[in-house]
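K.L.:
Predicted structure and sequence below. I'll ask about it afterward.
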Amino acid sequence: MDLVHVCMPPPDAERPWRLESYEGRGGYRVWRKVLAGELDAGQILETVKASGLRGRGGAGFPTGLKWSFMPGDCEQPTYLVCNSDESEPGTCHDRDILRYNPHVLIEGMALAAYAMGATVSYNYIRGEFLGEPVPRFLDALDEARAAGLIGRGLGAAGIDFELHPFVGAGAYICGEETGLLESLEGKPGKPRFKPPFPAQSGLYGRPTTVNNTQTLACVPAIVEKGAEWFKSLGPPNSAGTMIYSVSGHVERPGNYEAPLGVSFNELLEHAGGVWKGRKLKAVIPGGSSVPVLPAAIIRECTMDYDSLSEAGSALGTGAMIVMDDRTCMVSVLRRIARFYYAESCGQCTPCREGTGWLYRMLTRMLEGRAKVSDLDLLLSVANNIEGHTICALGDAAAWPVQSFLKHFRGEFEEKIRSSRPLARRKEAAYA
Amino acid sequence: MPDEGVRLTVNGRELEAAAGEMLIAVTDRAGIYVPRFCYHPKLSVAANCRMCLVDVAGAPKPMPACALPVTEGLEVETRSDRAIAAQRATMEFLLINHPLDCPVCDQGGECELQDLAMGFGRDISRFTEGKRAVPDPDLGPLVSTDMTRCIHCTRCIRFGEEVAGVQELGATGRSEHMEITTHVERSLKHELSGNVIDVCPVGALNNKPYRFTARAWEMSAHATVASHDCVGSALYAHVLRGRVRRIVPRENEAVNETWISDRDRFSCEGLYVEERLHKPLVRRDGRLMEVGWEEALAAAAAGLMRVAEEHGGEGLGTLVSPSATAEEGYLLRKLMSALGSANIEYRLRQRDFRSAATAADAPWLGTRFCEVESLDSLLLVGCDLRSEAPILAHRVRKAAMAGARVSYLDLAEREYLHPIGTRSVQPPRDWARALGPLAGRALKGRRRALWLGGLAVRHPAYGELLEAAAEAAAGAVLGHVTQGGNAAGLHLAGVIPGPADGNGAAGLNADRMSRVTLAGMVLMGVEPDLDCAAGAHEAIGGAGFLLALNPWVSPWLLSHADVLLPTATSLESSGTLVNGQMDWQSFAAAAPPPGMARPAWKVLRALADRLSLEGFGYADTDQVLAELRQRIERPAAASASTSHGASIDSRSLDDEEFATLELPMYSVDGLVRRSAPLQQAAAVQRAA
């Protein structure tokens, strides 16, 4: 299967982030049709619904269905919020959309907002993106505004579409949609309990839809080329393409946009295979939160929602973390546990208290201060976090523990037995 | 039950509820207990402690009962294996970083975490890592902190945001480094901030002055009523070995809901101070000597008789604390009447009695406290409400947050923690003339009220102001935020100048008594240099014979009183206080008075006996109250009018007449003035 470009610009495009380049490859055609009054909101909504587009932020919720939760004909303001707070370890596709194809996002947001009857939208961009992605996006906004594509009373149809950028301060939890809304309102990014869902009470208590960057970047192509075309790109239940962020022990790590359903082996080939000629040990296929799969299982998988779910993992953000046969799985899990421990918002009990406990136990295992029976405790604590928290961060902290122990328990036991306590070594402090 | 009722099943029991109610409220009503920490019926839902997870049929994971709106056909198990497993899991997480220092924690024995750990905790911890330690911020003189014990339920934060109206406490940091603290270290200043002690489910926020004085289970709780403002908050006094150790709120939805002011909570710290009067004192050869009760009562009776014989009853004047009980006021009134004196007064700081209106019916708010919340508009005139009646200010805040237009006319900007309609800051001499036009703008809607507060009462031309207010109210409820804890009760008990039976000469009011020196003065709970209008103590101190019934000594009393009788505070005496919404609230003594001090009603009974007066043979305060209420129910023959003609025109007054309108929150009576923590809190507020 070849790489295709729906969200990313073609590799040969020159300065693809500029408006003229984007328009040169057919950009803003759909939005201009809307502005000319030739396309109504219902048509866009129906097309996106029919296309089978699913959220690319990790959960894979059907996008059209999510949009249809917005109350029709309701008092303004209602909001569209784009989630560019991409922080899932291993994931970097939104960053490249902002860097190389910001206009496709702007057009996608314009179409989405119009389809849902929202006149104001925000793009919440990850704080660490200040270097390149944020300036690129801001420049693109200026270009689009100057070209009459953003603003009030646009085109013959007199459409209102405002887009405000917002740069976060670098907290993973602000990528959770309700945590993001809290942060956007100027409060600490602590997720809200749902219900109410954002479509009922979101930003400033108004109906709001939060979509991932890549999800919205798919929208212009879907509306232009039709739902059937989009569907035909991937297998059933997995329409369209995905930008796979391939990282870890491969020769050419990077972003590869390919149709959903591409086989794992093929994708690994695109990334140059396992580095240094080593053997594949395991892969985390969708960002650090999803369960790990050992080589034997992932080799049989295609990279789409159903195949990975049947294999006991998930497509997640499509961020593939590849590990070679020299990788210590205890160290990997400890590093992942440290991330969730540091990024827990601290609001609800199981996650606040449990993530630190997991991290400390794993640290002890590496430092020769653990017993084999601690593995049962580790699993029990993970199970006690899972499903008991306000948002999914608790689950995200528990799933790696559960899956690492499921597939690599022997290695954990071996590590515990073989590690000798290091004299006077202090527990690695959380910095 | 509202129209949209739903039926649900909890543990196999069918229950009815209003659609959208949270499950935990429904189970609480049905007596099905679901464990919880962050849920509080008066605060918004946070759903962060995860202790109330229950098993909902059809849900993939356990759901928090505090955030689950009930729907038709909902099926819930609160004690199923899945629910219990989730609750036990949460309890383990709550305990791993909790210090488990219950033996040295004041919360021990009344701790929600300790109680639930009995039911849901493990016998032995599986946690072998190091525990978290958290630095303790200094929140000032009232609230102690042990933040290592905090379980991050955020009740205290939500209390500040939602009830107090100011975010004094917040959360900083994230993950297990989240801390509850003031963002910049400073003291809690809000007048209700002590309530965080009660909302905190663990020992993180505790009562600082009470720290380490008793264990919860050693004390007995005695229901009583607060006496410092017109709210009359319901309280429990916790007593150990005959002493009140602390005050906590008693729930009374009609009065104080579940809150009390810091003044009501911490004033008890003034009970057992050095100046507390333990023995009667009688002046001999210019020096006060400690004597027994017999001798003291004989000296008091002789002094009163001498004045009555030499000068007649008109030569005697009596001042009563506006927080004295109705029974005390009634008995003293009855005793002075028997001696022929009509000069009796509880309105100690009022200076202008010239308008007939000032002596009409007993002053009250004109409305029930709960109705305050549904006002459309309110105009406060000369009323520092947050300081005068903090709980009432909370009700007003609720009204304002619901859209009521609250305005004020005052001599300075007041910091109200809710939207203000019109702020009118005027020199007091202009109030009466500003009132009419202001009321026109401020009072809108169907339910309107105009309240006069302490600054208005202390205004040198109060009569003029009152008449202007009556006119400006124009159909709005004209209410009085009365001073002290029992203004209405004392008014009804006849503690106002004039003969008890309504015939004969008018008596002297507080203003007159502060201008003429009488041959004899009786003071009950009054320290004239601090409790009366400025300068009044000079005339009072000149009395030939001065009898004081007081729980404490003060330099002024020591240098002026001829007989000092030690009496009980309202915490140490049975009695009745009538609050601003005319509730007659009777209570028993919570603790015995220290030393030889006795409840004032008993002292008055004994004194009447020494004076050979008939009709004072009461066995208890219930009998006094019954007689008082019987007299009130008869159509009042007494027109207690003390009108002295037309009111004063405030424009004719000197500036200095207006100098003493303000009265700080923690200076209102003897008990409050002697509470060291409250005085420290006042100092912190002044410094800010």
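P.N.:
Yep, that arrived.
K.L.:
What parts of chain B come near chain A?
P.N.:
Residues of chain B lying close to chain A (C-beta under 8 Å from any C-beta of the partner chain) are B:45-51, B:53, B:60-62, B:64, B:67, B:69, B:86, B:89-90, B:92-94, B:96-97, B:126-127, B:129-130, B:151-152, B:171, B:173-178. C-beta: built from backbone N, CA, C; applies to glycine.
K.L.:
In strands only, show me those residues.
P.N.:
Those of the residues of chain B next to chain A mapping onto strands are B:53, B:64, B:171, per DSSP state E.
K.L.:
contacting residues for the first one?
P.N.:
Okay, so that is B:L53. Residues in contact with B:L53 (C-beta atoms under 8 Å, 6 or more residues apart in numbering or on different chains) are A:388, B:62-65, B:83, B:86-87, B:90.
K.L.:
tell me which residues form a beta bridge with A:V120?
P.N.:
Note on A:V120: beta-bridge partners A:Y79, A:E162, judged by DSSP bridges.
K.L.:
hang on, isn't it packed against A:P77?
P.N.:
Yes: in terms of C-beta atoms under 8 Å, A:V120 counts as a neighbour of A:P77; the distance is 5.2 Å.
K.L.:
Tell me which of those two has more neighbours.
P.N.:
Neighbour count, other C-beta atoms under 10 Å in any protein chain shown: between A:V120 and A:P77, A:V120 has more, with 19 against 14.
K.L.:
what sits against that one?
P.N.:
The contact partners of A:V120, by C-beta under 8 Å, 6+ apart, come to A:77-80, A:113, A:162, A:164.
K.L.:
Would you show me how to pick out the buried ones of these in ChimeraX?
P.N.:
Restricted to buried positions by 16 or more other C-beta atoms under 10 Å in any protein chain shown, the ChimeraX selection for the contacts of A:V120 reads:
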select /A:78,79,80,113,162
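K.L.:
Return the closest of the contacts of A:V120 with respect to chain B.
P.N.:
Nearest to chain B out of these is A:P77 (C-beta to the nearest C-beta; 21.6 Å).
K.L.:
so the closest one sits right up against A:M116, yeah?
P.N.:
No: using C-beta under 8 Å, A:P77 is not in contact with A:M116, being 11.8 Å away.
K.L.:
what is in contact with the two at once?
P.N.:
Common neighbours of A:P77 and A:M116, counting by C-beta under 8 Å, 6+ apart, are absent.
K.L.:
on that earlier part again, closest one to A:D40 out of the contacts of B:L53, please.
P.N.:
Looking at the contacts of B:L53 and their distance to A:D40, the nearest is B:M63, at 39.8 Å (C-beta to C-beta).
K.L.:
what's near enough to touch residue 99?
P.N.:
Chain wasn't specified; assuming chain A. A:17, A:132-133, A:136.
K.L.:
switch to chain B, that's the one I care about
P.N.:
Neighbour list for B:P99: B:131, B:148-149 [criterion: C-beta under 8 Å, 6+ apart].
K.L.:
Tell me which of those residues fall in helices.
P.N.:
Among those, DSSP state H puts none in helices.
K.L.:
JSON lines for those residues, including neighbour count?
P.N.:
Below are the contacts of B:P99 laid out as JSON lines (neighbours: other C-beta atoms under 10 Å in any protein chain shown):
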{"residue": "B:K131", "neighbour count": "11"}
{"residue": "B:T148", "neighbour count": "17"}
{"residue": "B:R149", "neighbour count": "24"}
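K.L.:
Identify the spatial nearest neighbour of the residue of the stretch 101-250 of chain B at minimum distance from chain A, chain neighbours not counted.
P.N.:
Nearest residue of the stretch 101-250 of chain B to chain A: B:M178, at 3.2 Å (C-beta to the nearest C-beta). Nearest non-adjacent residue to B:M178, counting by C-beta to C-beta, 6 or more residues apart in numbering or on different chains: A:G346, 3.2 Å away.
K.L.:
what pLDDT does that neighbour get?
P.N.:
A:G346 carries a pLDDT value of 95.
K.L.:
can you tell me how far it sits from B:E185?
P.N.:
According to C-beta to C-beta, to the nearest Å, A:G346 and B:E185 sit 20 Å apart.
K.L.:
who's more crowded, the two?
P.N.:
A:G346 (24 against 10).
K.L.:
which residue packs closest to residue 384, ignoring adjacent ones?
P.N.:
Picking chain A for this. Nearest non-adjacent residue to A:N384, counting by C-beta to C-beta, 6+ apart: B:A89, 3.7 Å away.
K.L.:
other chain: chain B
P.N.:
Spatial nearest neighbour of B:D384, chain neighbours left out: B:R414 (6.1 Å); criterion: C-beta to C-beta, 6+ apart.
K.L.:
Please give the element, helix or strand, for B:R386.
P.N.:
According to DSSP states H and E, B:R386 maps onto helix B:385-388.
K.L.:
Tell me which other helices or strands that helix touches.
P.N.:
The contact analysis (3 or more C-beta pairs under 8 Å, 6 or more residues apart in numbering or on different chains; DSSP states H and E) places helix B:385-388 against helix B:390-401.
K.L.:
which stretches of the stretch 101-250 of chain B form strands?
P.N.:
Secondary structure of the stretch 101-250 of chain B (DSSP state E, counting those that start in this stretch): strands at B:143-145, B:170-172, B:179-181, B:205-207, B:220-225, B:234-240, B:243-249.
K.L.:
go on, chain A?
P.N.:
A:79-84, A:120-125, A:151-154, A:159-167, A:208-212, A:241-248, A:254-259, A:262-263, A:280-284, A:293-294, A:302-303, A:319-324.
K.L.:
Include mean pLDDT when you put those strands into JSON lines, please.
P.N.:
Listed next are these as JSON lines, based on pLDDT from 0 to 100:
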{"stretch": "strand A:79-84", "mean pLDDT": "98"}
{"stretch": "strand A:120-125", "mean pLDDT": "97"}
{"stretch": "strand A:151-154", "mean pLDDT": "95"}
{"stretch": "strand A:159-167", "mean pLDDT": "96"}
{"stretch": "strand A:208-212", "mean pLDDT": "97"}
{"stretch": "strand A:241-248", "mean pLDDT": "97"}
{"stretch": "strand A:254-259", "mean pLDDT": "96"}
{"stretch": "strand A:262-263", "mean pLDDT": "96"}
{"stretch": "strand A:280-284", "mean pLDDT": "98"}
{"stretch": "strand A:293-294", "mean pLDDT": "98"}
{"stretch": "strand A:302-303", "mean pLDDT": "97"}
{"stretch": "strand A:319-324", "mean pLDDT": "97"}
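K.L.:
mind giving me JSON lines with those strands and columns for distance to B:K334?
P.N.:
JSON lines is the format used below for those (distance: least, C-beta to C-beta, whole Å):
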{"stretch": "strand A:79-84", "distance to B:K334": "71"}
{"stretch": "strand A:120-125", "distance to B:K334": "73"}
{"stretch": "strand A:151-154", "distance to B:K334": "79"}
{"stretch": "strand A:159-167", "distance to B:K334": "74"}
{"stretch": "strand A:208-212", "distance to B:K334": "70"}
{"stretch": "strand A:241-248", "distance to B:K334": "91"}
{"stretch": "strand A:254-259", "distance to B:K334": "94"}
{"stretch": "strand A:262-263", "distance to B:K334": "99"}
{"stretch": "strand A:280-284", "distance to B:K334": "88"}
{"stretch": "strand A:293-294", "distance to B:K334": "92"}
{"stretch": "strand A:302-303", "distance to B:K334": "95"}
{"stretch": "strand A:319-324", "distance to B:K334": "88"}
